[in-house]
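Visitor: sequence and predicted structure, then a few things I'm wondering about:
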Amino acid sequence: MRKKVILITGACGEIGHALVDYLIENSDLPVVTLDLQDASPEIVDKVIHVKGSVTDKSLFDRLISEYEIDIIYHLAALLSTSAEFNPVAAHNVNVEGTLMLLEMAASQTEFRGKPVKFIFPSSIAAYGMPDLETKTQFPNVKEWEWNYPTTMYGANKLYCEMLGIYFSDHFKQLAEIRPVTLDFRAIRFPGLISAFTLPSGGTTDYGPEMLHAAAKGETYNCFVREDSAIPFMAMPDAVKSLTLLAEAPDEKIKKRVYNISAFSLLASEFREEVLKYFPEAKIGYQIHPQRQKIIDSWPIGCDDTAAQEDWGWSADYGLERCFEEYLVPNIKKRYE
Ligand SMILES: NC(=O)c1ccc[n+]([C@@H]2O[C@H](COP(=O)([O-])OP(=O)(O)OC[C@H]3O[C@@H](n4cnc5c(N)ncnc54)[C@H](O)[C@@H]3O)[C@@H](O)[C@H]2O)c1
């Protein structure tokens, strides 16, 4: 009999690190991790690690011959800035890789007669505010508003949400007897801040980069204007949201794509918050006009009423608690 497992793709990245730690401690099912990179020494003995790409079909064929995959957390992706430098490669990983995984999950669902849960981290990049005036006028966007992404990454995320909805709700819709279909659930994340890992390749990276540079005593130049406003969230809340959504009973799930939110702030407010704890920090501004344009197209905040009402979402970390209890103590310890 095949062993029932949880699969995490992109497990060696920022969210992956935190999610794997959580699931090792809290899940009854063994965790299979898949990434282009080797598993870190801290987890290598606690997971079943497969090194490879989500674009490699033969690898999935091997995986399903050995394991019954119950839940997939599909984290592997090229992030927004990397994707702009390599749009075709981004499409290949972010869309083709996701499509292949959805297809595999759909056939596994049919085979076992029970939905495979497919948890997908989407992004505020799925939004595209046309100009700063509109961004200010609509500071709290709902899931279906302003879905006009201006980046390859955002377009990839929005399309993958559609693919997930298709495979869950419309797959084989012309068949006489429709088979059981997979259970796709997605979260649109704001910029995430971890105390333990540094981001790379994202456009919200200026926040965490400011903080980590300050803790290391390095000078940092923020690449967006001081009046740039977007939402952020502490990494433990991101992990909480993914697992809470995965565990929510079917009858609570009223839509397949949910906003979540914690706090929004200007780049200048982020800088002030960092200076509160690291008063010697040298943080200036050196605007990168193209990255600025991308940030200007993302909303100030996201309306997460649906996530609150449907599956009980609320962030544990507001701005103050995030810095005081999670980021600052852990980052200080890390760089001491
Ligand atoms: N970090 C954020 O602020 C944020 C915000 C919104 C959404 N997300 C989404 O969450 C997911 C995880 O983000 P993250 O911050 O951990 O990213 P990350 O860049 O830190 O990690 C991504 C991981 O995916 C792996 N990967 C890339 N291409 C792969 C491939 N072809 N096959 C297998 N593995 C591959 C990388 O090696 C890396 O370990 C992504 O889908 C991202 O779009 C992140």
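Guide: Cool, the structure landed.

Visitor: in the stretch 1-150 of the chain, which residue sits nearest the ligand?
Guide: The ligand sits closest to Gly13 of the stretch 1-150 of the chain, with a gap of 1.8 Å, by CB to the nearest ligand atom. C-beta here means a position set from N, CA and C on the backbone, and glycine is covered the same way.

Visitor: for the closest residue to that residue other than its chain neighbours, give me its contacts.
Guide: Counting by CB to CB, 6 or more residues apart in numbering, Gly13 lies nearest to Leu75, which is 6.1 Å off, once chain neighbours are set aside. Shown in contact with Leu75 (CB atoms under 8 Å, 6 or more residues apart in numbering): 8-11, 13, 15-16, 19, 121.

Visitor: Asn94 too?
Guide: When contacts are counted by CB under 8 Å, 6+ apart, Asn94 touches 77-78, 83, 153, 156-157, 160.

Visitor: what about the closest residue to Lys216 other than its chain neighbours, neighbour count?
Guide: Once flanking residues are discounted, Lys216 sits nearest to Tyr335: 5.3 Å by CB to CB, 6+ apart. Tyr335 has 11 neighbours, counted by other CB atoms under 10 Å.

Visitor: go ahead and confirm Tyr335 touches Ala215.
Guide: Yes: Tyr335 is within contact range of Ala215, at 4.8 Å (criterion: CB atoms under 8 Å).

Visitor: from the ligand, how far off is the nearest residue to Lys282 once chain neighbours are set aside?
Guide: Excluding the flanking residues, the one nearest Lys282 by CB to CB, 6+ apart is Thr219, at 4.3 Å. Computed as CB to the nearest ligand atom, to the nearest Å, the Thr219 to the ligand distance reads 23 Å.

Visitor: OK, contacts around Thr219?
Guide: 213, 282-284.

Visitor: of the residues you listed, just say which sits nearest to Lys142.
Guide: If you rank the contacts of Thr219 by distance to Lys142 using CB to CB, Ile283 comes first, at 33.6 Å.

Visitor: mean confidence (pLDDT) on the helix or strand Ser241 falls within, please.
Guide: In the assignment (DSSP states H and E), Ser241 maps to helix 235-247. What helix 235-247 shows for mean pLDDT is 98.

Visitor: report the buried residues of it.
Guide: Residues of helix 235-247 classed as buried by neighbour count (16 or more other CB atoms under 10 Å): 235-246.

Visitor: could you do stretch 82-91 as well?
Guide: Those would be 82-84, 87, 90-91, for stretch 82-91 by 16+ other CB under 10 Å.

Visitor: with stretch 325-336 instead?
Guide: 326-328, 331.

Visitor: looking at those, spot the one nearest the ligand.
Guide: Nearest to the ligand among the buried residues of stretch 325-336, counting by CB to the nearest ligand atom, is Leu327 at 14.2 Å.

Visitor: any idea how far Ala229 is from the closest residue to Ile230 other than its chain neighbours?
Guide: Nearest residue to Ile230 in three dimensions, chain neighbours excluded: Trp298, at 5.2 Å (CB to CB, 6+ apart). Using CB to CB, to the nearest Å, Trp298 is found at 9 Å from Ala229.
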